[in-house]
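Trainee: I'll drop the sequence and a predicted model, then ask my questions.
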Amino acid sequence: MKALRIVVIGLFVFGMVVFLSSLSFAQEAQATGKGSMERQAKHEAKIKLLNDSAAALQQTNPDLAKKLSDLANEEANESKEKMEGNKEKVAKDSPEWKAKHEARVQLFKDASAALQQTHPDLAKGLEEMAEGKHKGTMGEKKEKEEVGEKVEPKSEKGESK
């Protein structure tokens, strides 16, 4: 009986150690995972693009350059706050977020237009930032709806052909 009790307690302790260590490693793996590294690299590229664009516009359009520089600094600060975990999120359907988003999109478009002749590569990057993540799928869907074609989800398209 005494040996059985020792075995049960030992198994319980061993299970807790394994459970707690796996939670600890899971958080560490999530923080340093491939997805976060990829996301961080894209974020740094975005900040670099904003800073390069601001530097290119400094002589011709200092107002626009200052706005881009401020936006790059804001993005860098948000990134640091997100890493520390004390960043509060604003809902994407709130009027505050929509107004801020529209202002950023307009800033990207204005800067892109200003850089089109002198720095076409920077202008292209800013245009892509203005168009957002859903540029291809949303544009195709709208075109098909205008023409009157049936819009199918992508997963069904690949399977039906």
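Mentor: Yes, it's here. None of these values were measured; they are calculated from a predicted model.

Trainee: please enumerate the helices of this protein.
Mentor: In order along the chain, the chain carries the following helices (DSSP state H): 2-31, 34-57, 62-84, 95-115, 120-131, 135-147, 154-160.

Trainee: most packed of the ones you listed?
Mentor: Stretch with highest mean neighbour count among the helices of the chain: helix 120-131 (a mean of 17; mean count of other CB atoms under 10 Å). No exception for glycine: its C-beta is placed from N, CA and C like everyone else's.

Trainee: who touches that one?
Mentor: 46, 49, 52-53, 56, 105, 108-109, 111-113, 115-116, 135 (CB atoms under 8 Å, 6 or more residues apart in numbering).

Trainee: give me the low-pLDDT residue ranges for the chain?
Mentor: 23-35, 84-91, 133-161 (pLDDT under 70).

Trainee: give me that answer again for 50
Mentor: Counting by pLDDT under 50, the chain contains low-confidence ranges at 29, 134-146, 149, 151, 156-161.

Trainee: quick one on the thing from earlier: hmm, which two among the contacts of helix 120-131 are most spread apart?
Mentor: Spatially, the most separated pair among the contacts of helix 120-131 is Ala56 and Lys135, at 23.6 Å (CB to CB).

Trainee: before we move on, back to that, in a markdown table, list the contacts of helix 120-131 along with distance to Lys66.
Mentor: Formatted as a markdown table, these follow (distance: CB to CB, whole Å):
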| residue | distance to Lys66 |
| --- | --- |
| Lys46 | 18 |
| Leu49 | 16 |
| Asp52 | 15 |
| Ser53 | 12 |
| Ala56 | 13 |
| Val105 | 18 |
| Phe108 | 15 |
| Lys109 | 17 |
| Ala111 | 11 |
| Ser112 | 17 |
| Ala113 | 17 |
| Leu115 | 15 |
| Gln116 | 20 |
| Lys135 | 28 |
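
Trainee: of those, closest to Glu81?
Mentor: Nearest to Glu81 among these is Lys46, at 16.1 Å by CB to CB.

Trainee: relative to Met37, how far out is Gly132?
Mentor: 23 Å (CB to CB, to the nearest Å).

Trainee: nope, Asp70 is what I was after
Mentor: Here Asp70 is placed at a distance of 27 Å from Met37 (CB to CB).
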